[in-house]
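**Q** Output the structure for:
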Amino acid sequence: MSDTSSTSDSPDTRTSAQIEADIKRRRETLAETLDEIGVRVHPKTIVGDAKAKLASNVDHTLGRAYVGANRLVSDVKGQFVDEDGAPRLGRIVPAALVVVGVVGLLTVASRRRKS
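**A** Predicted structure coming up:
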């Protein structure tokens, strides 16, 4: 059983200048890689990345909240205004009476507590 795929028996055909150039190139590549790692693990970089991620999440959450609030306002407005933009008095008057009644009850309750 002979091993014909072994390259350890074949001599290196590169010149010493080629080997030195290869070593220099590998050192430069390694130095660049180490510099990149140093930047990535630097505390300022980590904090900056965390701030950017948080800001992105906040922007996304605020955007979703704005869309939700806008949809809610449109739904409520749709209850009190018809398709032509005219007010629906049949819904506005009872809602206004309920609001006035609740405010009146809160006022009376507040005055009783102060007495």
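**Q** Tell me where this protein has strands.
**A** Read by DSSP state E, the chain holds no strands at all.
**Q** Domains of it: list them as residue ranges, please.
**A** 15-80, 85-115 (automatic domain parsing).
**Q** I'd like these as TSV, with mean neighbour count appended.
**A** For the C-beta atoms, the positions are set from N, CA and C on the backbone; glycine is no exception. Formatted as TSV, the domains of the chain follow (neighbours: other CB atoms under 10 Å):
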stretch	mean neighbour count
domain 15-80	10
domain 85-115	10
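**Q** any chance of these in TSV, plus mean pLDDT?
**A** Formatted as TSV, the domains of the chain follow (pLDDT from 0 to 100):
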stretch	mean pLDDT
domain 15-80	92
domain 85-115	90
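**Q** my guess is Arg88 meets Asp82, correct?
**A** Yes: counting by CB atoms under 8 Å, Asp82 is a contact partner of Arg88 at 5.7 Å.
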